[in-house]
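Trainee: dropping the sequence and predicted coords here.
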Amino acid sequence: MSAPAHAEDDNGVPYWASIDAEVANMRVGPGNSFRIEWVYRRMHLPVKVVRREGPWRQIEDPDGTRGWMRDLLLSRQRGAIVRAGELVEMHAEGNSGSALLWQVEPGVVGLLGECEAGWCSFDVEGHRGFVREDAIWGAGAP
């Protein structure tokens with residue numbers, strides 16, 4: 001029997017997840033009766049799960065905002081967001097000497113692959129390459 005695609009209870013916290021819905025509400029508490037604080041409309045936006053309560057997850061977004069979201073709105077598929085600052089170079093291989101493919105703007109969200117030696121595989125809507133691990137939020141230990 002295969003495991004469901006949403007973030008599961010059998011894993012410890014903290015852990016990385018990503019938003020897996022076109023629209024995802026962050027609430028001030030763990031339940032539908034709590035007020036909605038933020039509405040997210042960014043698929044694959046990385047979040048850090050810091051606490052579990054039943055089907056609810058307390059998450060932290062890239063800006064440091066914390067709130068509660070249903071586990072069904074989250075995926076274990078890793079995402080990352082380019083940190084604020086300068087344009088980030090995406091290279092063909094995991095080193096600065098390889099061919100420069102694109103320059104990625106701060107705030108761009110993509111799917112995160114494996115990270116090794118300070119470089120991470122990064123996929124932005126089919127544009128694949130490698131970016132420096134320190135240029136993205138969502139890589140490394142949560």
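Mentor: Perfect, thanks for sending it.
Trainee: can we go C-alpha only for contacts and neighbour counts from here?
Mentor: Fine.
Trainee: tell me how the protein divides into domains.
Mentor: Using automatic domain parsing, the domain ranges for the chain come out as 15-77, 80-137.
Trainee: could I get these as JSON lines with mean pLDDT and mean neighbour count?
Mentor: Shown next, in JSON lines, are these (pLDDT from 0 to 100; neighbours: other CA atoms under 10 Å):
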{"stretch": "domain 15-77", "mean pLDDT": "97", "mean neighbour count": "19"}
{"stretch": "domain 80-137", "mean pLDDT": "96", "mean neighbour count": "18"}
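Trainee: quick one: residues contacting the residue nearest to the spatial centre of the chain.
Mentor: Relative to the mean C-alpha position of the chain, the nearest C-alpha, by CA atoms, centre = their mean, is the one of Pro46, at 1.4 Å. Taking CA atoms under 8 Å, 6 or more residues apart in numbering as the criterion, Pro46 is in contact with Trp16, Ala17, Ser18, Ile19, Asp61, Pro62, Arg78, Gly79, Ala80, Ile81, Trp137, Gly138.
Trainee: 6 Å instead, please
Mentor: Going by CA atoms under 6 Å, 6 or more residues apart in numbering, Pro46 touches Ala17, Ser18, Gly79, Ala80, Gly138.
Trainee: my guess is the fourth one meets Ala135, correct?
Mentor: No. The pair Ala80 and Ala135 fails to qualify as a contact (CA atoms under 6 Å) at a distance of 9.7 Å.
Trainee: once you drop chain neighbours, what's closest to Phe122?
Mentor: Leu112 (4.9 Å; CA to CA, 6 or more residues apart in numbering).
Trainee: which SS class is the residue of the chain positioned farthest from its centre?
Mentor: Centroid-distance maximum for the chain: Gly97 at 27.2 Å, with CA atoms, centre = their mean. Following DSSP: H, G, I helix; E, B strand; the rest coil, Gly97 is assigned to coil.
Trainee: how close does it get to Gly113?
Mentor: Relative to Gly113, Gly97 is positioned 20 Å away (CA to CA, to the nearest Å).
Trainee: what does Met26 give?
Mentor: Distance from Met26 to Gly113, by CA to CA: 26 Å.
Trainee: again, but for Glu125
Mentor: 13 Å.
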